[in-house]
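# Got a sequence here, can you model it:
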Amino acid sequence: MAVNRIFEMGGGIVVCSEGKIRAELALPVAGLMSNQSIEEIVERLNQIQAKAKVLGFRFPDAALTLAVLTTAAIPFLRLSEGGLVDSRTGRVKDLVLPP
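As a prediction, the model looks like this:
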């Protein structure tokens with residue numbers, strides 16, 4: 001559902017749960033940037049963060065975490081349904097968070 005919505009928007013960030021879209025930000029400019037006002041972008045990012053937190057996301061910035069984990073800047077790590085995958089070995093990596 002999230003991937004289909006991102007495709008429809010021409011790029012963006014989508015939070016889904018229980019078959020419903022909970023928050024989204026369209027990024028139609030090259031799939032990376034928005035043509036909305038800065039106020040609307042901030043509101044949407046705050047909604048994304050709030051919905052992600054309700055779903056158990058523990059990091060302070062959901063959008064930045066998503067960007068870092070999916071960027072080509074880290075060519076050997078990719079985010080998948082199974083977790084963070086080392087693309088060189090095909091193994092899921094353990095994520096260790098401080099208490």
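# Could you use CA atoms for every contact and neighbour count after this?
OK.
# Show me the shaky parts of the protein.
Applying pLDDT under 70 to the chain flags the ranges 69-74, 80-81, 96-99.
# any idea which helix or strand carries the most centrally placed residue in it?
What sits nearest the mean C-alpha location of the chain, by Cα atoms, centre = their mean, is L66, with 3.8 Å. Per DSSP states H and E, L66 falls inside helix 62-70.
# same thing with A23?
strand 20-26.
# Can you show me the helices along the protein?
2-9, 38-54, 62-70 (DSSP state H).
# Pipe those into a markdown table and attach distance to G90 per row.
Formatted as a markdown table, the helices of the chain follow (distance: least, Cα to Cα, whole Å):
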| stretch | distance to G90 |
| --- | --- |
| helix 2-9 | 22 |
| helix 38-54 | 27 |
| helix 62-70 | 16 |
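# what's the closest of these to A30?
Among these, helix 2-9 comes nearest to A30, with 11.1 Å by Cα to Cα.
# What lies in contact with the closest one?
12-16, 21, 26-28 (Cα atoms under 8 Å, 6 or more residues apart in numbering).
# Weed out the non-buried ones from the residues you listed.
12-16, 26-28 (16 or more other Cα atoms under 10 Å).
# Look up how far L77 lies from the most far-flung residue of the chain relative to its centre.
Distance from the centre of the chain peaks at T89, with 23.7 Å (Cα atoms, centre = their mean). Plainly put, T89 is 10 Å away from L77 if you go by Cα to Cα, to the nearest Å.
# who are the neighbours in contact with the residue nearest to R44 when sequence neighbours are not counted?
Counting by Cα to Cα, 6 or more residues apart in numbering, R44 lies nearest to L25, which is 5.8 Å off, once chain neighbours are set aside. Contact analysis of L25 by Cα under 8 Å, 6+ apart lists 12-14, 41, 44-45, 48.
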